[in-house]
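Visitor: Sharing a model that was predicted from the sequence below.
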Number of protein chains: 4
Amino acid sequence: MKAIKNEKQEIKIGNKIISSDTFTVIAGPCSVESVQQMDIIFKELNVDIIRGGSFKPRTSPYDFQGLGAEALLILKDFKNRYNKPVISEIMSIEQLDLFDDIDIIQVGARNMQNFELLKTLGKIDKPILLKRGMGNTIEEFIASAEYIIANGNKKVIMCERGIRTFSNEARFTLDLACIHAIKTRTNLPIFVDPSHAAGTVELVEPLALAAVAAGCNGLIIEVHPNPNEALSDKNQQLTIEEFNKLKTKVDNVYNQVK
Amino acid sequence: MKAIKNEKQEIKIGNKIISSDTFTVIAGPCSVESVQQMDIIFKELNVDIIRGGSFKPRTSPYDFQGLGAEALLILKDFKNRYNKPVISEIMSIEQLDLFDDIDIIQVGARNMQNFELLKTLGKIDKPILLKRGMGNTIEEFIASAEYIIANGNKKVIMCERGIRTFSNEARFTLDLACIHAIKTRTNLPIFVDPSHAAGTVELVEPLALAAVAAGCNGLIIEVHPNPNEALSDKNQQLTIEEFNKLKTKVDNVYNQVK
Amino acid sequence: MKAIKNEKQEIKIGNKIISSDTFTVIAGPCSVESVQQMDIIFKELNVDIIRGGSFKPRTSPYDFQGLGAEALLILKDFKNRYNKPVISEIMSIEQLDLFDDIDIIQVGARNMQNFELLKTLGKIDKPILLKRGMGNTIEEFIASAEYIIANGNKKVIMCERGIRTFSNEARFTLDLACIHAIKTRTNLPIFVDPSHAAGTVELVEPLALAAVAAGCNGLIIEVHPNPNEALSDKNQQLTIEEFNKLKTKVDNVYNQVK
Amino acid sequence: MKAIKNEKQEIKIGNKIISSDTFTVIAGPCSVESVQQMDIIFKELNVDIIRGGSFKPRTSPYDFQGLGAEALLILKDFKNRYNKPVISEIMSIEQLDLFDDIDIIQVGARNMQNFELLKTLGKIDKPILLKRGMGNTIEEFIASAEYIIANGNKKVIMCERGIRTFSNEARFTLDLACIHAIKTRTNLPIFVDPSHAAGTVELVEPLALAAVAAGCNGLIIEVHPNPNEALSDKNQQLTIEEFNKLKTKVDNVYNQVK
């Protein structure tokens, strides 16, 4: 695991630097659903980086699968107009060309050990946000980052999003000890996704604040202009107003622990 | 589950009120080991309530089992001298008389479903700190509180201390969604024990701060004058100096989320 | 852990010897509910040892708590009339005298680390069936047996009954690797309880047969004359007819692997 | 989930029919390492179908990654000479053409939710052995099969290989309730991989026999001519002699439960 330990990663995205010393908030809808939806998001969401799902890894083949290439075009268009970096999730090597204008490529929890995808992403020069698999240990999480780094791309952002446990209060149990582990064993930034761990709106705030207090370098939060009409993850997306309130608390807690 | 929902619990301990609206820090050594040790603790530890183990539920019969009744006498003596409330863990109904002068009786994770013990504690008039079992759901945790309350004692303090998961970074995985669950489904205060979840000193701080940010009503933290010489839980006890630094951060984070 | 390894345990119950070389089936209702119920059980159930719950460790205080002392009297009466050994679960040290005529005392999963109870049972001369806690490792399971053995009572029967995992098909996930672990690290017999792991009648058979094939030394199965009217564990108790069919298959599989 | 329930799958491989009524044993080395190694395997291993890893999903990028395309050529050559069907694992869509002569394509646990791969495999006419992810529920497992079936390929063989739990005796905990679940909710055959669940040779036998007794339709077992020299999974591969002994027991148990 030489690559990870050797040098500290500073990842420049727009004017922001993501590293194990900084703090960055990513937010946006689970899925890019329409131009209208993203117009509201880019206008009203005060956040460093905008997220928006294009290809969606849905458990069932009969659920909404995302707008795919069209979603990426919408993201590109708004990104240029608003000069705001964007992140979206890749599901397969073949989709890579479509991500040319996307600032950060996300590898989802279900693909954390899709090693061929990781190797391919190791050969490009673009930041990768790598989510921890729901059934994977921290050792395996770090080893997956190493697949990217060993192939040449050192711009890896780690992201804890909850593991499968017997506890069924939240959809997944956030393993906050992961933050300290990544910080002490690697030089990579570690983000937390409280939305997918929570599964319901009311759990997003306590889990987000807990993650910040535990020392994470960023959050990725699902926000939708109208969650009730969302095509996916209806129950866990915040409204823009809810997000703004949370953002203030997040900043306040961050200022106490940075 | 009528008893739990009907009325908010305000539990007076000394001058402090423990409730779902307040915040209280309990700290002290895993085990009461000697008069000298506790002398330092009571003199130097700036904390609302002092903890000290008397009867120790050790996994192996060959490990140090605690000083038992002697530990309780030491606690009683210092408590009176310093006018500082104390908490210690009971392991069996027969020990109950020995806890007369102890302010809060703790039921450990391993006894969370020792229903005969819970029923007996339901018949006395003394606050009970009930820890969640490492393999128990939140529903079971609340039902165990109900065993105490249904028998007449409404002074129950809940305490999350981590659950068993496949993740082995920490000794147990803190299930911080438990805090929100207890707050919305019961009127009981919910504490968190970051020390037993962590298992190592360096994880105590991030987990403690995370618990505070997630909205808990108190912390119970292991502190020893000289952790290297502790007879139990050597690796997870903070020094008094480490605790003081943590306490400042805890207070700062609490002020942002209260 | 000297006691466990030193000598092989042969536990005589009636004419049967329970050891790490033999195979024994225990069956009977979750709870002793009435004389009529147990009359049918003792008359019709063709099994080595009869089980019947007296004091019941129910998650909720509002559920049926067992007939208590009365159940033990019923068991004693039938045991003498039919000359058939019986097993029942103890929940507290104070109940011990009531178990005088019970052949095997069961310690349930929820009391696996009720160390004061274990120590007390270590001082009597009677076989103890110790169930593994739902959140406990195999190391902890063996250490709990050691609490009994270190106090003088070597007649310990281990019993795997499933652990808490994220999988929710069965109530608990049987950890069948436990059988091999107990056999190689101790000289104690290892039983399996497929009923509590299953949670539903249809899963009892595959889990029971799997346990036998994996080399266990016995099964403990819930059987009720009329499961639909059972006061507890309605969904997982077999009828006597279902049990008889299963028993034939169990014997057939055992003959292939013994 | 219409596709799965509608019709029973009978999958012809050579002279064998794999279905929810039959029993088939697959065995062979973790990785195809050389012509010499596979020569021994094809000559001496008495089994329905031969397994051999080509592209290996290794946790670390620095571990042996398999012989890749060369392994598939070796398998093809021996398959034709011995007229014995073979199975190997695919890791990426781009590799698909290389699997033309392979009789069954395996999707490993780490790719169970690599949905783009599943969709592609749904468009070919070849049996797919789909392993359950270590952190996935049975519902998700079935939904992944549905991704293949909904795209047109109904020849799906399910395979339970153990889930991540806190228990660390075996590498993974076999969830044998999965067998009954797949049999009652789908018409697909369900296999079990005891080798990856076990992690050590001595656990392979009890877990294999347990799986057979619980009603599985087949086993996939790692066997190596000389496990000590294996380039991967050294500790869990059986020798051919060990496998032959196990095979006899497997057949005996199967005859009791079929």
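Guide: Looks like it came in fine.

Visitor: what angle do the longest helix along chain A and helix B:240-257 make?
Guide: Under DSSP state H, the helix in chain A containing the largest number of residues is helix A:240-257. Going by axes from the mean of the first three to the mean of the last three CA atoms, to 10 degrees, helix A:240-257 is angled at 160 degrees with respect to helix B:240-257.

Visitor: Three-state assignment for residue A:146, please.
Guide: Under DSSP: H, G, I helix; E, B strand; the rest coil, residue A:146 falls in the helix class.

Visitor: dump the residue contacts of residue A:102.
Guide: Counting by CB atoms under 8 Å, 6 or more residues apart in numbering or on different chains, residue A:102 touches A:72, A:75, A:76, A:86, A:87, A:88, A:126. (C-beta placed from N, C-alpha, C; glycine too.)

Visitor: give me that answer again for 10 Å
Guide: A:52, A:54, A:72, A:75-76, A:79, A:85-90, A:126-127 (CB atoms under 10 Å, 6 or more residues apart in numbering or on different chains).

Visitor: With residue A:63 instead?
Guide: A:56, A:231, A:232, D:143.

Visitor: how about low-confidence regions in chain A?
Guide: Scanning chain A for pLDDT under 70 picks out A:1-3, A:5-6.

Visitor: 80 - rerun?
Guide: Applying pLDDT under 80 to chain A flags residues A:1-7.

Visitor: quick one, helices of the stretch 51-200 of chain A?
Guide: A:69-82, A:115-121, A:138-150, A:177-185, A:194-198 (DSSP state H, counting those that start in this stretch).

Visitor: if I read this right, residue A:116 contacts residue D:61, doesn't it?
Guide: No - counting by CB atoms under 10 Å, residue A:116 does not reach residue D:61; the two are 11.6 Å apart.

Visitor: anything in contact with each of those two?
Guide: Common contact partners of residue A:116 and residue D:61 (CB under 10 Å, 6+ apart): residue A:147.

Visitor: what does the stretch 151-258 of chain A have sitting close to chain C?
Guide: Neighbours of chain C within the stretch 151-258 of chain A, by CB under 10 Å from any CB of the partner chain: A:163, A:164, A:165, A:166, A:167, A:168, A:172, A:173.

Visitor: Buried subset of those, written for PyMOL?
Guide: Of those, the buried ones can be selected in PyMOL as follows, counting by 16 or more other CB atoms under 10 Å in any protein chain shown:
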select buried, chain A and resi 163+164+165+166+167+172+173
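
Visitor: Cross-check the residues of the stretch 151-258 of chain A next to chain C against chain B and keep the overlap.
Guide: A:163, A:164, A:165, A:166, A:167, A:168, A:172, A:173.

Visitor: Which pair of those residues spans the longest distance?
Guide: Taking CB to CB as the measure, those span a maximum distance of 13.0 Å, between A:163 and A:168.

Visitor: Tell me the residues that contact both of these two, please.
Guide: Common neighbours of residue A:163 and residue A:168 (CB under 10 Å, 6+ apart) are residue C:166.

Visitor: give the contact list for the spatially most central residue of chain A.
Guide: Central residue of chain A (CA atoms, centre = their mean): residue A:220, 4.8 Å from the mean position. Counting by CB under 10 Å, 6+ apart, residue A:220 touches A:24-28, A:49, A:51, A:87, A:104, A:106, A:129, A:131, A:157, A:159, A:161, A:191-196, A:208.

Visitor: just residue A:215 next, same as before
Guide: Per CB under 10 Å, 6+ apart, neighbours of residue A:215: A:20, A:23, A:176, A:179-180, A:182-183, A:190, A:192, A:254, A:257-258, B:205-206, B:209-210.

Visitor: Give me the buried subset of those residues.
Guide: Buried among the contacts of residue A:215 by 16+ other CB under 10 Å: A:20, A:23, A:176, A:179-180, A:182-183, A:190, A:192, A:254, A:257, B:205-206, B:209-210.

Visitor: all strands in chain A, in order from the N-terminus.
Guide: A:11-13, A:16-18, A:24-28, A:49-51, A:86-90, A:104-107, A:128-131, A:156-160, A:190-192, A:218-222 (DSSP state E).

Visitor: That'll do, ta.
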